[in-house]
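Visitor: Model the structure of this input:
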Amino acid sequence: MQLKTAGTGLLIATTLLAVIVSSCSGNKKPGKETAANAVSVTLANAGKGETDAVVASGRVESSQTANISTRLMGRITSINVKAGDRVSKGQLLATISDEDIRAKRAQSSAMIAEAEASLASAQKDYDRFNNLFKSQSATARELDNVTLQYNAAKARVEAAHQMRNEINAMLSYSSLTAPFSGVVTQKLAETGSIANPGMTILTIEQDADLLVAASVAESDISYIKTGDTAVLHFKSGDKTCTGKIVQLNPSSQFTGGQYIVKISIPDDAKKDLYSGMFVNVSIPVKPGVARGTENKVMIPVSAIVNRDELTGVYTVSEQNTALLRWIRLGRQQGGMVEVLSGLSASESYVLQADGKLYNGAPVQVKAR
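Guide: Residues are numbered from 1 along each chain as shown. Below is the predicted model:
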């Protein structure tokens with residue numbers, strides 16, 4: 001009987017303790033801690049694109065590039081530069097062994113001397129027989145024979161000189177010089193290796209005049225022309241500037257159906273740019289030109305949230321909490337990206353947050 005009374009008392013005490021704890025918890029004001037930890041966010045409305053743009057991918061390249069090669073086959077005796085070196089116009093870059101060509105030039109000089117001696121002898125015979133013919137001491141046939149010998153001697157002299165000119169031209173390919181001032185971008189051979197005719201030994205680019213070469217699709221090429229403005233976004237360094245279309249290739253026969261467009265880069269934006277860097281190109285289409293996409297929804301790229309293979313944007317619920325909404329994106333134009341689905345025009349989204357957001361995180365909207 002005593003054990004039963006003790007058990008009943010223990011149960012009553014436990015029940016009272018639970019009621020007290022529940023009462024204390026109920027006295028805590030809801031939302032007080034939530035408001036204190038709310039993340040301040042700035043909202044923006046998804047806007048419609050008023051103008052369209054042709055978007056393309058491109059790369060930085062030099063306006064002038066030269067592959068240095070030779071017409072000779074011989075051993076490379078020296079290469080005086082390496083990749084990254086700056087060179088001046090006319091600077092000696094590499095030399096090819098030319099002993100055989102120099103021997104041929106010596107032979108040609110000997111042939112010239114022999115031909116000129118024969119010409120001098122023929123000249124004397126011609127002058128003598130010409131005087132004899134005038135005094136009727138030589139026949140016309142004899143004068144004709146001497147004249148033919150004289151003309152043949154002159155032709156041999158001319159042929160010998162032209163042969164030496166050809167040898168001198170070949171000899172010039174044994175000393176490779178820079179065709180313009182620039183920077184060496186590739187070194188494709190080493191001293192001691194054999195150079196073949198047409199084989200590239202060095203590549204030089206004129207880095208002072210960089211431009212962007214972009215590939216434009218057939219469906220978009222009719223909307224742009226030379227002189228149009230283009231927005232360039234360089235992936236390396238996250239740099240953006242504005243250039244102008246300076247060249248438009250009218251043929252896509254050898255470029256896989258893509259039309260190559262050359263775009264100038266402003267001088268103040270060329271710092272820290274190198275040939276080969278990737279560029280996002282956006283060429284605005286003038287207002288009034290209908291391409292069927294004027295009503296597309298645009299938001300800044302900075303507002304996009306990436307989760308593995310998915311992309312989304314944060315919105316604010318009626319309870320002032322963050323809500324991650326998955327969206328499908330289209331083409332990027334400069335710093336804006338097209339929203340194909342998941343967000344309507346004029347609908348609010350989180351443009352910027354002062355803290356880390358997650359689904360259900362309390363937020364406090366700041367006035368813009």
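
Visitor: is it true that L171 lies in a helix?
Guide: Yes: L171 sits within a helix when classified using DSSP: H, G, I helix; E, B strand; the rest coil.

Visitor: So for it, what's the pLDDT?
Guide: Looking at L171, its pLDDT is 89.

Visitor: Spit out the contact partners of it.
Guide: Contacts for L171 (Cβ atoms under 8 Å, 6 or more residues apart in numbering) come out as D98, I101, R102, R105. Any C-beta I mention is one placed from the backbone N, CA and C, and that applies to glycine too.

Visitor: okay, which residue is most central for this protein?
Guide: Centroid-nearest residue in the chain: R59, 2.0 Å away (criterion: Cα atoms, centre = their mean).

Visitor: how far is stretch 114-131 from where the chain is centred?
Guide: 66 Å (Cα atoms, centre = their mean, to the nearest Å).

Visitor: just stretch 231-246 next, same as before
Guide: Worked out by Cα atoms, centre = their mean, stretch 231-246 lies 11 Å from the chain centre.

Visitor: what comes into contact with it?
Guide: Here stretch 231-246 makes contact (Cβ under 8 Å, 6+ apart) with 53, 60, 211-212, 224-230, 261-266, 269, 272-273, 277-284, 333-335.

Visitor: Could you do stretch 317-327 as well?
Guide: If you take Cβ under 8 Å, 6+ apart as the criterion, stretch 317-327 is touched by 38-39, 41, 305, 307, 310-316, 339-343, 349-350, 357-365.

Visitor: give me that answer again for 10 Å
Guide: Here stretch 317-327 makes contact (Cβ atoms under 10 Å, 6 or more residues apart in numbering) with 31, 34-35, 38-39, 41, 46, 297, 299, 304-305, 307, 310-316, 337, 339-343, 347, 349-350, 353, 356-365.

Visitor: hmm, back to that, I'd like the next helix or strand past the host helix or strand of the residue nearest to the centre of the chain.
Guide: Secondary structure from DSSP states H and E places R59 in strand 53-62. Using DSSP H and E, the next helix or strand after strand 53-62 towards the C-terminus is strand 65-68.

Visitor: Next secondary structure after that next one?
Guide: Downstream of strand 65-68, the first helix or strand assigned by DSSP H and E is strand 74-79.

Visitor: pLDDT below threshold where in this protein?
Guide: Scanning the chain for pLDDT under 70 picks out the ranges 1-36, 48-52, 286-295, 333-335, 368.

Visitor: mind giving me the domain ranges of it?
Guide: If you go by automatic domain parsing, the domain ranges for the chain are 35-50+294-366, 54-63+209-284, 65-97+174-205, 99-172.
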